[in-house]
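**Q** everything below, folded, please.
(2 chains, ligands or ions: 6)
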Amino acid sequence: MSIEQFKNRNVSDDYFLVDIEDYPTDGWGKFKRVVKRTFQGELFVGLWVVLREMIKFDIHTVQYPKEKMPIGPRYRAVHEMKRLWESGTERCIGCGLCEKICISDCIRMETRIDENSRKEVSEYSINLGRCIFCGYCAEVCPELAITHGGRYENASEQRAHFVMYEDMLTPIDMLKAGQQQEFDGFGAITPHEDERVKKTPLAY
Amino acid sequence: MSNLINFTIDGKAVTAKKGETILTVARREGIYIPTMCYISKTTPCASCRMCVVEAEGVEGFVLSCNTPPTNGIAITTNTQALENERTNIMKLYDVNHPLECGVCDKSGECDLQNKTLEFNVSKQNFSARDQHRKIENWGLISYDPALCILCEKCVHVCNEVIGDDAIDLQFGGYKSKVIPKNSDTLDCTYCGECIAVCPVGALISTNFKYSANAWELTRVPATCAHCSGGCSLEYETRHTGISSKDNSIYRVKNNFEFSSLCGAGRFGFGFDNKTTKNPDAFARAFDAIVNAKAIRFSSMITNEEALLLQRLKESLGIKLYNEDARKYALFMEAYASISGKKHHSATLEAVKQADAVIVIGSMIATDNPAVRYAMTTAAKHNGAKIIYAHPIEDALMQNTITQFLKYEVGTEEGVLALIAKYLLADCELGSDEKAFFDALDDGYLSAESNIGEEELSLMMKSLMRTKNRVLVVGNDLIAHKEAKNIAKLVAVIEKYSDISVLVVPRDVNTLGVSLTCKLDCDDNSLENVVGYNEKGSFVIASLAGADLATPALNQQEGTFVSIDNRVIPTNAALAFDGYELHDLAKELGVGKQNTIDFTKELPQESGFKALEFDVLENFLAPLGEDVRGYMLDQVEVAMDGSLDELDALPEFNGTIIYNVNPVLQFNAYTNIASQLERDTTLRGSAQFGAAARISDGDQVEISFGDKTFVRTFKQEESLKGTVALNPTFDLEGNMESYRFQKSKIVRVNHE
Ligand code: SF4
Ligand code: SF4
Ligand code: SF4
Ligand code: SF4
Ligand code: SF4
Ligand code: FES
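**A** Ligands and ions are numbered 1, 2, ... in the order given. You can find the predicted model right below:
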């Protein structure tokens, strides 16, 4: 292969050169261009469109922050921590996989053994100032405990900006009211999963 | 070459040495045979049957882990039938195994998890009635019977390597579990080896439990900083938590397949020093050193810092004090004047391979657990005879020793002379030595030391037909008043017989310091002494209360010289924000860029090699060979010494204490490690209590030399005799003197 092939930029015969006027080179030429652009009246075309829609009262603008667009279930905004539907206990088992996989190293957690000899998450925080909302944490979580929610307002006066476990956890009354949103994205339980589960044979 | 066996594994021609099994040969040749219960440092547990192979002409399967090959046999390791057998074993292991990998401490490094995935066991086809199994908390160790796969590794190491023999399997079919042996709860030396070898999450460190996961921890290869064993270990570090930016050590692990750790190494890692840079203190330290007459330092130091102190000595013209290393150096000097060699000849590996070990002058189980484990290994695996000579019987050694020679306190020189005479009876001696032994007054020595002719003959009978013999020499000989002559006796034994010698250094780097520094005799007469991890008028130390804080040994890189005469690197597990000794040295004009730049300058006349720190390896090879650092070169010296005639043996009467540390404790650093038990009581027998007129629980004031301190007296059933044991790990100042001390003990009123 020769270098000429790469130098030939006529990739296809459908390509054509746009007819662009030469740029003015002297002062007089530039002055002429300014005058021409200013008095051509194209500006008023745009203004007319706005005025026309205003008169018709057909407004499509979302009145943010009074109203918000519905957000897709897979949108990856501020994380949520889920509870088990049956018992209300927290789903997170403290396995630390989310902390490990986090690409921007913004999850940090502490675990310990609780009074019932179970593993307990004693501290959990995400630094949203560093989070790139990649979704890895939600994807790796074996318990469907951490998911992304739809809350995307993250403005804050500092770069570092933490959410704690309690802030992300579904409030127990919301759970009881059946308002916990399940995550439908990757890793979520497929519909009718119950029917596919095989029971261990018991000889007794 | 009748010792070699030729056979084939999977068509590959291989050769086995005597004593090797099919599995060891396969591993050496890089042929994979799955195992679940095999551990290289013990005899095969043979409980898992995963290691089955087929042998041509043999009906059924053969366990490769405990079967030696025969000449010409053809072994196959990977047929479909074997695969099915192994898969079935894995299926059985997984029956009712709790589905808790998500929280289990072992997850990520679990043999069961790995093999379950390897054999693709994704469902349970069998069942057994599940039952409630209580999680046991045995102090530093927790046991979850539900996770236990009954591989027996823990029982084997405890019995065959450690020597505590503290746990056992309780058989009961599906109800089988590990239990403390002959006791309700675990009563052992808490070495934690059982935790290390457990392939699943059944035996776990109680304090570590659920605090971190295997995949979050960073491993820092290092060397244990508590005794001279030079055990290799890995500190595992991670961030402390969400409120701190610093790392902390979460646990210590070791290459348990081949090496062992004691409890102080495994659980006593929390001795790092925290501070920030304090320029004022630094300036004061600078002035203190410039004005000092001497620097007193401990052997808890790297070779590099020791060399740095030596350079300071040379450039400032001050004295260097370290009584522990100085005594060791003097001992070895006297030893070399007869043996002609600067370094002792044995290593821990030699002890492991030995068929007879004589220990004298050391409560070895607590002085140096690595030696104890090596002796246990020798006793259990080679049936080695262990002769243990000491004034105090040690309950920890009960399972291991063949013969206990109880001698009178202070008579070490006489005892060694007698032992030497018997050991060398059939050897061709030089004329000087012959004259020395001929002139020996056996009757007097026997009477004074209480070692009779029968005991010595019994010893000789045990040693008959033994070929690999090691003499282990403890601190009581090194710190003895007659250490010089004792050292020469030791050298004579080595020179004229096939016995090799191991002289146990007291502290982590006693040996390294003794080879690196020219030390001066410390008679406590100077006022203006800077202490480096020692007492002094200005103290630079990694312990609380120092005038200038410096990093502890797990925050430093550098090298130690272990008991094996091996120069081993250690690395910094945690960062240190303050100043280190080297910063002072730089100001004083003897510094380099980094402390480890001194590694290649360690004195070659002592056997060091001119190697950079960064070329030193710090791991055990796949088959267990120790490739850490390098071995010191042997240095030949002039043989100009001769034995001195024995003076009258000293007599110790009255209340005698023995300065020796309890299990898990060594020094001021183990003292501050939060997980380790701190037994600061004076322990003695009922007989001692009666003689000193004190009873169990009394507060007593103990004084000897210039030291006075108060302890609680604890009467212990396992102790006999008239000597009480006094811990030193919590005491200030140099305890390098002879460890038996006649002392005044008076009861003080409590409150
Ligand atoms: S979304 Fe990505 S960056 Fe953010 S916490 Fe999860 S893993 Fe980390
Ligand atoms: S991956 Fe899920 S279960 Fe594991 S620690 Fe993170 S949130 Fe908890
Ligand atoms: S012992 Fe191993 S297989 Fe069992 S729960 Fe723990 S990690 Fe999983
Ligand atoms: S900690 Fe050591 S001595 Fe105690 S049971 Fe385990 S292996 Fe045996
Ligand atoms: S506790 Fe661990 S090492 Fe001991 S038998 Fe059970 S699985 Fe094996
Ligand atoms: S390795 Fe041979 S039986 Fe377990």
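**Q** quick one: the strands in the stretch 601-750 of chain B?
**A** B:630-631, B:656-659, B:682-684, B:699-704, B:707-715, B:723-726, B:740-742, B:744-747 (DSSP state E, counting those that start in this stretch).
**Q** if I take the fourth one and strand B:707-715, what angle do their directions form?
**A** Per axes from the mean of the first three to the mean of the last three CA atoms, to 10 degrees, the angle that strand B:699-704 makes with strand B:707-715 is 130 degrees.
**Q** get me the contact residues on chain B for ligand 5.
**A** Taking CB under 6 Å from any ligand atom as the criterion, chain B approaches ligand 5 at residues B:148-154, B:178, B:197-200, B:202-203. Where C-beta positions appear, they are placed from N, C-alpha and C, glycine not excepted.
**Q** if we go to 5 Å?
**A** B:148-151, B:153-154, B:178, B:198, B:200, B:202-203 (CB under 5 Å from any ligand atom).
**Q** out of the strands of the stretch 601-750 of chain B, flag the one nearest residue B:331.
**A** strand B:740-742 (17.3 Å; CB to CB).
**Q** buried set for the closest one?
**A** Using 16 or more other CB atoms under 10 Å in any protein chain shown as the test for burial, strand B:740-742 gives B:740-741.
**Q** that strand pairs with which strands, and in what direction?
**A** strand B:656-659 (antiparallel) (DSSP bridges).
**Q** quick one: the helices in chain A?
**A** Using DSSP state H, the helices of chain A run over residues A:3-7, A:27-38, A:42-56, A:97-101, A:136-140, A:165-168, A:172-176, A:193-196.
**Q** okay if I get those helices as CSV plus mean pLDDT, distance to residue B:291 and mean neighbour count?
**A** CSV is the format used below for those (pLDDT from 0 to 100; distance: least, CB to CB, whole Å; neighbours: other CB atoms under 10 Å in any protein chain shown):
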stretch, mean pLDDT, distance to residue B:291, mean neighbour count
helix A:3-7, 67, 76, 7
helix A:27-38, 90, 81, 10
helix A:42-56, 87, 85, 10
helix A:97-101, 94, 52, 20
helix A:136-140, 92, 59, 19
helix A:165-168, 94, 56, 16
helix A:172-176, 93, 68, 12
helix A:193-196, 81, 79, 7
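**Q** contact partners for residue 99?
**A** I'll assume chain A. A:107-109, B:216 (CB atoms under 8 Å, 6 or more residues apart in numbering or on different chains).
**Q** just those: which are in strands?
**A** If you go by DSSP state E, those have A:107-109 in strands.
**Q** what comes into contact with stretch A:26-35?
**A** residue A:24.
**Q** about what we covered before: and which of the residues of chain B next to ligand 5 is nearest residue B:165?
**A** residue B:154 (11.7 Å).
**Q** helix or strand: which one has the closest one?
**A** When elements are assigned from DSSP states H and E, residue B:154 belongs to helix B:153-157.
**Q** following the lengthiest helix in chain B, which helix or strand shows up next?
**A** Taking DSSP H as the criterion, chain B has its longest helix at helix B:323-339. Later in the chain than helix B:323-339, the nearest helix or strand by DSSP H and E is helix B:348-353.
**Q** in CSV, list the C-alpha atoms belonging to that next one.
**A** Taking Å, rounded to 0.1, in the frame of the first residue of the first chain, the C-alpha atoms of helix B:348-353 are listed here in CSV:
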residue,chain,number,x,y,z
LEU,B,348,16.2,-23.8,61.1
GLU,B,349,16.0,-26.0,58.1
ALA,B,350,18.8,-28.1,59.6
VAL,B,351,16.9,-28.4,62.8
LYS,B,352,13.8,-29.6,60.8
GLN,B,353,15.9,-32.2,59.1
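**Q** got the contact list for that helix?
**A** So helix B:348-353 is in contact with B:229, B:357, B:370-371, B:374-375, B:377-378, B:381-382, B:468, B:470, B:472, B:500, B:502, B:563-564, B:626, going by CB under 8 Å, 6+ apart.
**Q** mind running it again at 10 Å?
**A** B:41, B:161, B:229-231, B:259, B:346-347, B:357, B:359, B:368, B:370-378, B:381-382, B:384, B:386, B:468-470, B:472, B:500-502, B:562-564, B:566, B:625-626 (CB atoms under 10 Å, 6 or more residues apart in numbering or on different chains).
**Q** again, but for stretch B:588-597
**A** With CB under 10 Å, 6+ apart as the test, stretch B:588-597 has contacts from B:286, B:289-290, B:302, B:304-305, B:307-316, B:551, B:556-559, B:569, B:571, B:580-586, B:598, B:601, B:612-614, B:616.
**Q** which of the residues you listed count as buried?
**A** If we count by 16+ other CB under 10 Å, those have these buried: B:289, B:302, B:304-305, B:307-313, B:316, B:551, B:556-559, B:569, B:571, B:580-585, B:598, B:613, B:616.
**Q** quick one: which of these sit in strands?
**A** Those of the buried ones among the contacts of stretch B:588-597 lying in strands (DSSP E): B:558-559, B:569.
**Q** so which of those residues comes closest to ligand 5?
**A** residue B:569 (30.9 Å; CB to the nearest ligand atom).
**Q** who's the closest one bridged to?
**A** Legend: beta-bridge partners of residue B:569 under DSSP bridges are residue B:559.
**Q** OK, contacts around residue 168?
**A** With no chain named, the answer covers chain A. Taking CB under 10 Å, 6+ apart, one finds A:78-82, A:92, A:124-126, A:145-147, A:149, A:151 in contact with residue A:168.
**Q** could you do chain B instead?
**A** Per CB under 10 Å, 6+ apart, neighbours of residue B:168: B:152, B:154-155, B:158-159, B:178-182.
**Q** before we move on, what about residue B:8?
**A** Residue B:8 neighbours (CB under 10 Å, 6+ apart): B:14, B:56, B:69, B:72-76.
**Q** hmm, 8 Å instead?
**A** Applying CB under 8 Å, 6+ apart to residue B:8 gives the contacts B:14, B:73-75.
**Q** now the buried members of the residues you listed.
**A** Judged by 16+ other CB under 10 Å, buried ones among the contacts of residue B:8: B:14, B:73, B:75.
**Q** cross-check those against ligand 6 and keep the overlap.
**A** Within the buried ones among the contacts of residue B:8, nothing lies near ligand 6 by CB under 5 Å from any ligand atom.
**Q** burial of whichever residue of the stretch 501-650 of chain B sits closest to ligand 4, as a residue count?
**A** Closest approach between the stretch 501-650 of chain B and ligand 4, counting by CB to the nearest ligand atom: residue B:624, at 19.2 Å. Residue B:624: 13 surrounding residues under other CB atoms under 10 Å in any protein chain shown.
**Q** same check on residue B:388?
**A** Residue B:388, neighbours per other CB under 10 Å, totals 25.
**Q** what backbone torsions are found at it?
**A** Main-chain torsions, residue B:388, degrees, to the nearest 10: phi -120, psi 110.
**Q** just checking, residue B:16 touches residue B:5?
**A** Yes - counting by CB atoms under 8 Å, residue B:16 touches residue B:5, with 4.4 Å between them.
**Q** so between the two, which is more surrounded?
**A** With neighbours defined as other CB under 10 Å, residue B:16 and residue B:5 compare such that residue B:16 has more, 22 against 18.
**Q** what's around the closest residue in space to residue B:416 that isn't next to it in sequence, how many residues?
**A** Leaving out its chain neighbours, the residue that sits closest to residue B:416 by CB to CB, 6 or more residues apart in numbering or on different chains is residue B:489, at 4.8 Å. By other CB under 10 Å, 29 other residues sit near residue B:489.
**Q** residue of chain A closest to ligand 6, please.
**A** Residue nearest to ligand 6 within chain A (CB to the nearest ligand atom): residue A:200, separated by 26.4 Å.
**Q** and the closest residue in space to that residue that isn't next to it in sequence, how many neighbours does it have?
**A** Nearest residue to residue A:200, sequence neighbours excluded (CB to CB, 6+ apart): residue B:124, at 4.9 Å. The number of residues packed near residue B:124 is 17, by other CB under 10 Å.
**Q** quick check: residue B:553 touching residue B:668?
**A** No - using CB under 8 Å, residue B:553 is not in contact with residue B:668; the gap is 11.5 Å.
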